[in-house]
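1. With the input below, show me the fold.
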Amino acid sequence: MAEATLVRLGARAQINVRARGPAVERVAKRLSIPALPGANRFVATPLGECYWLGPDEWLVVAPPDSRAAVLDALDEVVGPDDGAAVDVSSSRVPFELGGPKARDVLAGCCALDLHPRVFGPGQCAQTLLAKAPVLLSQVDDAPTYRLFVRPSLVSYVVSWLRDGIEGAVGVGSAGN
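-> Numbers count the residues shown, from 1 in each chain. Next comes the predicted model:
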């Protein structure tokens with residue numbers, strides 16, 4: 001097994017949700033979770049994953065064929081006065097970086113403290129990766145990380161990660 005791999009994931013539905021007041025509870029209920037994730041956390045829901053982006057902002061990531069249904073469901077519960085649900089599916093390209101050396105690869109281009117005591121499964125952060133803004137989350141203890149990158153910065157970020165993989169493992173094992 002490669003010590004670090006980078007895989008571009010298929011398209012995902014991505015719905016940005018801004019909610020305040022009673023809409024926060026309604027959105028959580030629609031996602032079938034007790035509460036929306038708090039600061040720098042993400043949770044799995046029956047509709048997809050829900051990432052905390054800010055005090056009143058979340059990103060719901062779901063299978064691409066459910067985009068319209070998820071958008072309609074969230075838009076309905078947010079309501080016209082308590083926020084908004086917006087399709088931002090084209091705004092980020094998802095990748096997965098995994099393997100025993102994945103943390104080392106990220107350490108070479110990301111200022112976040114990714115030590116397991118500080119950043120572990122279920123956590124996420126909007127951060128810079130080689131000066132490029134990304135949404136980074138840790139999926140499991142392997143460790144496996146999910147990265148959401150702006151389309152215009154994909155080549156740049158992939159290049160940095162490939163270089164990091166080569167440096168961390170001594171061989172080019174990145175795939176795109």
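
2. Render the CA-only coordinates of the longest helix seen in the chain in PDB, please.
-> Longest helix of the chain, by residue count under DSSP state H: helix 154-169. Output in PDB follows, covering the C-alpha atoms of helix 154-169 (Å, rounded to 0.1, in the frame of the first residue of the first chain):
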ATOM      1  CA  VAL A 154      -6.900  22.700  -8.400                       C
ATOM      2  CA  SER A 155      -3.700  22.300 -10.500                       C
ATOM      3  CA  TYR A 156      -1.700  24.500  -8.000                       C
ATOM      4  CA  VAL A 157      -2.900  22.500  -5.000                       C
ATOM      5  CA  VAL A 158      -2.400  19.100  -6.600                       C
ATOM      6  CA  SER A 159       1.100  20.100  -7.600                       C
ATOM      7  CA  TRP A 160       1.900  21.000  -4.000                       C
ATOM      8  CA  LEU A 161       0.400  17.800  -2.700                       C
ATOM      9  CA  ARG A 162       2.200  15.700  -5.200                       C
ATOM     10  CA  ASP A 163       5.500  17.300  -4.300                       C
ATOM     11  CA  GLY A 164       4.700  16.700  -0.700                       C
ATOM     12  CA  ILE A 165       3.900  13.000  -1.300                       C
ATOM     13  CA  GLU A 166       7.200  12.600  -3.200                       C
ATOM     14  CA  GLY A 167       9.100  14.200  -0.300                       C
ATOM     15  CA  ALA A 168       7.300  12.400   2.500                       C
ATOM     16  CA  VAL A 169       7.600   8.900   0.900                       C
END
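
3. buried set for it?
-> Applying a neighbour-count criterion of 16 or more other C-beta atoms under 10 Å, one finds V154, V157, V158, W160, L161, R162, D163, G164, I165, A168, V169 buried in helix 154-169. Yep, even glycine has a C-beta here, placed from its N, CA and C like the rest.

4. Just the closest of those residues to G108, please.
-> Minimum distance to G108 across the buried residues of helix 154-169 is 4.6 Å, recorded for G164 (C-beta to C-beta).

5. Tell me which strands the one helix or strand Y145 maps to pairs with, and in which orientation.
-> Assigned by DSSP states H and E, Y145 belongs to strand 144-149. If you go by DSSP bridges, strand 144-149 pairs up with strand 93-98 (antiparallel), strand 132-140 (antiparallel).

6. So which of these is nearest L53?
-> Ranking the strands paired with strand 144-149 by their distance to L53 (criterion: C-beta to C-beta) puts strand 132-140 first, at 7.6 Å.

7. mind giving me the domain split of the chain?
-> Using automatic domain parsing, the domain ranges for the chain come out as 13-90, 91-169.
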